Every structure is written in structure tokens, then in C-alpha cells.
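Colleague: Sequence and predicted structure, then a few things I'm wondering about:
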Amino acid sequence: MKRIYSVLVENRSGVLCKVAGLFSRRCFNIDSLAVGETDDPTVSCMTIVSSGDKRTIEQIEKQLNKKLDVIKVKTFDDTACISRELMLIKVRYNKGTRRDIMEICDILKADIVDMSKTQMMIQICDIPDKISLLLSMLQSISIVEVARTGTLALSKCQD
């Protein structure tokens with residue numbers, strides 16, 4: 001069972017360490033972590049993806065709410081939010097593989113953002129499953145380097 005936690009915290013040094021320590025001490029795994037300042041410079045938003053059984057998921061939320069630096073905790077499942085992840089991937093290509101890479105990018109709506117005679121860099125911003133699909137489709141081609149952000153999520157719009 002996977003859960004996304006959107007945690008508003010005070011934007012101060014040491015807060016990330018405290019939250020990560022909470023997971024570490026209790027042997028909870030962090031699948032993904034993204035942190036950034038909100039529209040208020042005194043508040044940051046941590047988007048944490050973690051997995052476990054129902055009891056673990058509930059414990060994580062309770063423990064996060066106990067932290068003094070935590071302002072608010074929201075939890076999402078995949079149906080209650082819109083989530084995105086960004087990936088940059090550098091691949092080596094030749095004349096035989098160039099067209100294949102371009103077709104894969106076209107199908108998955110990824111962009112080629114940089115290119116040299118032997119390498120190209122691809123950017124994709126999409127749901128984590130589509131990011132993983134692009135990675136698996138490019139496995140047969142020579143992947144040079146990969147950089148991925150953590151998942152970002154917001155609850156769906158409501159009237």
C-alpha cells in the first residue's frame with residue numbers, strides 16, 4: 001500500500017533531518033522525498049511517498065503530526081490527487097537508435113532538451129508510472145545518466 005504525504009513544515013534548518021529521522025528510527029521506508037518552499041517563505045512543503053501495510057501508513061501520519069515543526073499533514077492515495085515527477089535522462093545513440101529514441105519520446109510525450117553527436121538528453125514530466133515506463137523502454141539503449149525528482153502532489157480541484 002502506497003501513500004503520499006503532503007507535509008507543511010516550518011522553513012528552518014534541521015527540519016528535514018528531524019522528519020527523515022522519524023522514518024529512520026521506526027524503520028519506515030521513504031520511496032520518494034521532495035522539499036521546496038511554498039508561496040510563504042517561512043513554510044516549506046515536503047512531499048513524501050512511503051509504502052507499508054495499513055498500520056504502518058497510519059503510524060507515519062500520527063508520528064508526523066506529533067512533530068513540533070510540522071504545521072499540517074495531508075495524506076493522499078493515487079485517486080485523490082494529481083502527482084508528477086520530473087526526470088532527465090542522458091542516452092548514448094547512433095544512427096541506428098536515433099529514430100527509435102525519437103519515436104519513444106514522441107509516444108510518451110518526452111522532450112529532447114540537449115544533444116551532441118553521440119548523446120541526447122531527454123526530459124519528461126509525468127506520473128511516476130510513465131517515468132518508469134520511459135526508463136524501461138530506454139534500457140536496451142545505452143543510458144549514460146539519470147536524474148529524477150521525487151513525486152510532487154496536490155489534491156484534486158474541488159468546487
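Modeller: Structure's in. What do you need?
Colleague: Quickly list the domain ranges of this structure.
Modeller: Following automatic domain parsing, one finds the domains of the chain at 2-77, 82-155.
Colleague: what about this structure, any weak spots by pLDDT?
Modeller: For the chain, applying pLDDT under 70 flags no range at all.
Colleague: can you give me the strands for it?
Modeller: Along the chain, the stretches classed as strands by DSSP state E are 2-10, 30-37, 43-51, 70-76, 81-92, 111-115, 119-126, 142-148, 152-155.
Colleague: Save those strands as JSON lines, and put in mean neighbour count and distance to residue 62 too.
Modeller: C-beta here means a position set from N, CA and C on the backbone, and glycine is covered the same way. Shown next, in JSON lines, are those (neighbours: other C-beta atoms under 10 Å; distance: least, C-beta to C-beta, whole Å):
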{"stretch": "strand 2-10", "mean neighbour count": "19", "distance to residue 62": "12"}
{"stretch": "strand 30-37", "mean neighbour count": "15", "distance to residue 62": "17"}
{"stretch": "strand 43-51", "mean neighbour count": "20", "distance to residue 62": "13"}
{"stretch": "strand 70-76", "mean neighbour count": "17", "distance to residue 62": "9"}
{"stretch": "strand 81-92", "mean neighbour count": "17", "distance to residue 62": "20"}
{"stretch": "strand 111-115", "mean neighbour count": "12", "distance to residue 62": "41"}
{"stretch": "strand 119-126", "mean neighbour count": "18", "distance to residue 62": "32"}
{"stretch": "strand 142-148", "mean neighbour count": "13", "distance to residue 62": "29"}
{"stretch": "strand 152-155", "mean neighbour count": "18", "distance to residue 62": "20"}
